[in-house]
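A.B. asks: Model the structure of this input:
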Amino acid sequence: MKTTLTRVLALALTAAFALTGCGGDDGNGNPYDGDIEELKSDKHRITNPDLGTGELDELVAGNTGFALDLYQQVRGEEGNLFYSPFSISIALAMTYAGARNETAQQIEDTLQFTLGQDGLHKAFNYLDLELADREANPGYDADDGFKLRVANSIWGQVGEVFVPEFLDTLALNYGAGLNLLDFVTDPENCRLTINGWVEDRTEDRIKDLLPQGSITSDTRLVLTNAIYFKAAWNMPFEPENTGSGEFNLLGGGTVTAEMMNQVEMLPYAEGDGFAAVELPYDGEKMSMVVIVPQDLESFEAALNADGLQAIIDDLQTHLVTLALPKFEFEFPLSLTQVLQDMGMPIAFSAAADFTGIRESGGLMITDVLHKAFVAINEEGTEAAAATAVVVGETSIPEQATLEVDRPFLVLIRDRPTGAILFLGRVVDPTAE
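C.D. replies: Residues are numbered from 1 along each chain as shown. Coordinates of the predicted model:
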């Protein structure tokens, strides 16, 4: 019988968290009853990876291409949409480290991993460290404000023998050690333990990433990545300028939304059927880009990585009169069928080859789960997400006015590298 390898990725806040054993609880209903044994490679994370010319740009371009391909697959979902392509990509990159032959090739093609095994993990390490530096050196003096934290961990079955080179790759490039759990005898409390890790690192924004039944006695491995983002606007909205306004829904009708208003010098672009504005966060190293199409459906259908980059490249400083709705919502997304449809079905089948994780094989992906949260208000933005891969066995400025009173796209990006961390759309800012 093919055993189940489980892998989880969570986009969440990195925080101090005492990882404890699954099985039983601490008397307060928490599924922890002792320290978890950690099996670590003797390799230390490379903190100054040496990338070749253009390798970081190639990684970011591939991640952006995947982000927009995925958007095309999921845009048919009803209502608001929000996810972290970075979270999904880095989670599947860790899984890819143990994939071989056609399984690896399909993951490469689908995720647009073009650097090969060694190059990809080294480039992800570099990007991960770059993002960590955004919080360490935000570019401004403040006691609080900017948070961008990424954490990785692995959860493996006690007694399983994992390929040393796989553990080395994750230690060297993702800083991840192997926490030993007993999925065989107590899968439910192991599930709660991992969910607790995710919740802690998302400031409780992402709860129950792994639903009941997703971890079984056949589970052998869970890989977790966590990232959490919170930042203040470089130019905050004044709360007294917020007021009620009509927001036009798809298909007709309106809702009353809380509209934030400001007049500021901002990067702005407009083109055939759209207008866009960029809102930098404190330090100006990261930003939110808001794209407002005249016709959402036709704009989405034509959207690709090149088109998105063209919009970003066209942003020029204007004096912008902006009205933007406040919003807050959570979006769960199952990626199991989506990824198969995008071109990697073998990884989800009995033909999967993950002998780079366990030499005897017998492992396959059984589920990929994702959940994201986003909230914007006058002060700034908070966003979190989690992905679970369950594998079993200027002078006189131009002026512009943008009233975001109809469905719009939104993305959060790292400006120096161009990496897109979050992507989505808002069709109803009043929906939760």
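A.B. asks: what's the helix or strand for residue 89?
C.D. replies: Taking DSSP states H and E as the criterion, residue 89 maps to helix 85-96.
A.B. asks: could you point out which element follows that helix?
C.D. replies: With DSSP H and E, the next secondary element past helix 85-96 is helix 101-111.
A.B. asks: Which residue, neighbours along the chain excluded, lies closest to residue 409?
C.D. replies: residue 291 (4.2 Å; Cβ to Cβ, 6 or more residues apart in numbering). C-betas here are computed from N, CA, C, even on glycine.
A.B. asks: pretty sure the one you found is in contact with residue 406, am I right?
C.D. replies: No. Counting by Cβ atoms under 8 Å, residue 291 sits too far from residue 406 to count as a contact (11.5 Å).
A.B. asks: quick one: which of these two has more around it?
C.D. replies: Remark: of residue 291 and residue 406, residue 291 carries more neighbours, 23 against 18, as counted by other Cβ atoms under 10 Å.
A.B. asks: right, and the secondary structure at that one would be what?
C.D. replies: Three-state assignment for residue 291 (DSSP: H, G, I helix; E, B strand; the rest coil): strand.
A.B. asks: residues touching it, list them.
C.D. replies: For residue 291, the contacting residues are 274, 275, 276, 299, 311, 408, 409, 410, 411, by Cβ atoms under 8 Å, 6 or more residues apart in numbering.
A.B. asks: Just the pLDDT for the third one.
C.D. replies: It refers to residue 276. pLDDT for residue 276: 97.
A.B. asks: Which neighbours in the sheet does whichever helix or strand it is part of have, and how are they oriented?
C.D. replies: Residue 276 belongs to strand 274-280 when elements are defined using DSSP H and E. The pairing partners recorded for strand 274-280 under DSSP bridges are strand 254-271 (antiparallel), strand 286-293 (antiparallel).
A.B. asks: Report the contact partners of residue 329.
C.D. replies: So residue 329 contacts 80, 82, 373, 374, 375, 431, 432 (Cβ under 8 Å, 6+ apart).
A.B. asks: who does the residue nearest to the last one when sequence neighbours are not counted bridge with?
C.D. replies: For residue 432, the nearest residue in space outside its immediate sequence neighbours is residue 329; the separation is 5.3 Å by Cβ to Cβ, 6+ apart. Listed by DSSP bridges, the beta-bridge partners for residue 329 are residue 374.
A.B. asks: Distance of residue 329 relative to residue 363?
C.D. replies: 35 Å (Cβ to Cβ, to the nearest Å).
A.B. asks: ok, now residue 402?
C.D. replies: From residue 402 over to residue 363 (counting by Cβ to Cβ), the distance is 50 Å.
A.B. asks: Look at these two and report which has more neighbours.
C.D. replies: residue 363 (28 against 20).
A.B. asks: Give me the pLDDT for the more buried one.
C.D. replies: Confidence for residue 363, expressed as pLDDT, is 89.
A.B. asks: Might one say that it is in contact with residue 349?
C.D. replies: No. Between residue 363 and residue 349 there is no contact under Cβ under 8 Å: 11.4 Å.
A.B. asks: What is the neighbour count of residue 253?
C.D. replies: 10.
A.B. asks: Please parse the chain into its domains.
C.D. replies: What automatic domain parsing lists as the domains of the chain is 7-232+329-392, 239-325+396-426.
A.B. asks: for those, which one ends up most surrounded?
C.D. replies: domain 7-232+329-392 (a mean of 20; mean count of other Cβ atoms under 10 Å).
A.B. asks: quick one, helices of the protein?
C.D. replies: For the chain, the helices defined by DSSP state H cover 55-74, 85-96, 101-111, 116-136, 164-174, 187-201, 296-302, 305-314, 336-342.
A.B. asks: could these be laid out in CSV, adding distance to residue 427?
C.D. replies: CSV is the format used below for these (distance: least, Cβ to Cβ, whole Å):
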stretch, distance to residue 427
helix 55-74, 14
helix 85-96, 20
helix 101-111, 27
helix 116-136, 29
helix 164-174, 35
helix 187-201, 27
helix 296-302, 7
helix 305-314, 19
helix 336-342, 20
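A.B. asks: Relative to residue 238, tell me which of those helices wins on proximity.
C.D. replies: Nearest to residue 238 among the helices of the chain is helix 116-136; the distance by Cβ to Cβ comes to 26.2 Å.
A.B. asks: Could I get the average pLDDT for the closest one?
C.D. replies: Here the average pLDDT along helix 116-136 is 91.
A.B. asks: how about that helix as CSV, C-alpha atoms only?
C.D. replies: C-alpha atoms of helix 116-136 as CSV (Å, rounded to 0.1, in the frame of the first residue of the first chain):
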residue,chain,number,x,y,z
GLY,A,116,17.5,23.2,-11.7
GLN,A,117,17.7,21.7,-8.2
ASP,A,118,20.9,23.4,-7.0
GLY,A,119,20.2,26.8,-8.5
LEU,A,120,16.6,26.9,-7.5
HIS,A,121,17.1,26.3,-3.8
LYS,A,122,20.1,28.6,-3.7
ALA,A,123,18.0,31.4,-5.3
PHE,A,124,15.1,30.8,-2.9
ASN,A,125,17.5,31.1,0.0
TYR,A,126,18.8,34.4,-1.4
LEU,A,127,15.3,35.8,-1.9
ASP,A,128,14.2,34.5,1.6
LEU,A,129,17.1,36.3,3.2
GLU,A,130,16.5,39.4,1.2
LEU,A,131,12.9,39.5,2.5
ALA,A,132,14.1,38.9,6.1
ASP,A,133,16.3,42.0,5.7
ARG,A,134,13.2,44.1,5.0
GLU,A,135,12.3,44.0,8.6
ALA,A,136,15.8,44.2,10.0
